[in-house]
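**Student:** Here is a sequence with its predicted model. Questions after.
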Amino acid sequence: MLLWIFKSTGIKNTNNKTYQFRQQDNRPTQLSTNEVIDQRLAYIHNNPVESGPVAEPEHYLYSSTANYSGRQGALKVEVIRCKLKMY
């Protein structure tokens, strides 16, 4: 099923030969606050939902969503939480 999704997305984009796995923009985001970190994590966790293979982020086998909600996921994940120094 995933291969079909990657192929159907890749066909729509002239930068690809066959498949597309990730978005093709290259705009870095500075992780300057915990709020921005949380926004980026939410984006990453929701990618499998937006692309269609699962209905909920925690249903995706390789998601770290479970780890961030206090449970153990399929992979060992170091949860990111930091106190930022403001200058």
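**Tutor:** Great, that's in hand.

**Student:** okay, CA-based contacts and neighbour counts for the rest of this
**Tutor:** Fine.

**Student:** my guess is residue 68 contacts residue 79, does it?
**Tutor:** Yes. Using Cα atoms under 8 Å, residue 68 is in contact with residue 79, at 6.4 Å.

**Student:** Counting neighbours, go ahead and name the busier of these two.
**Tutor:** Legend: neighbour count by other Cα atoms under 10 Å for residue 68 and residue 79, higher for residue 68 (16 against 12).

**Student:** if I look at the spatially most central residue of the chain, how far off is residue 30?
**Tutor:** Centroid check for the chain by Cα atoms, centre = their mean gives residue 44 as the closest residue, at 2.0 Å. Distance, residue 44 to residue 30, by Cα to Cα, to the nearest Å: 15 Å.

**Student:** Likewise for residue 68?
**Tutor:** 21 Å.

**Student:** Now do the buried residues in the host helix or strand of residue 10.
**Tutor:** Assessed by DSSP states H and E, residue 10 sits inside helix 2-11. Of all the residues in helix 2-11, those buried under the rule 16 or more other Cα atoms under 10 Å are 6, 7, 9, 10.

**Student:** Repeat that for stretch 35-44.
**Tutor:** residue 37.

**Student:** can you start the count at 459 instead of 1 from here on
**Tutor:** Got it, the first residue is 459 from now on, which makes the last one we talked about stretch 493-502.

**Student:** That's all I had, so thanks and see you.
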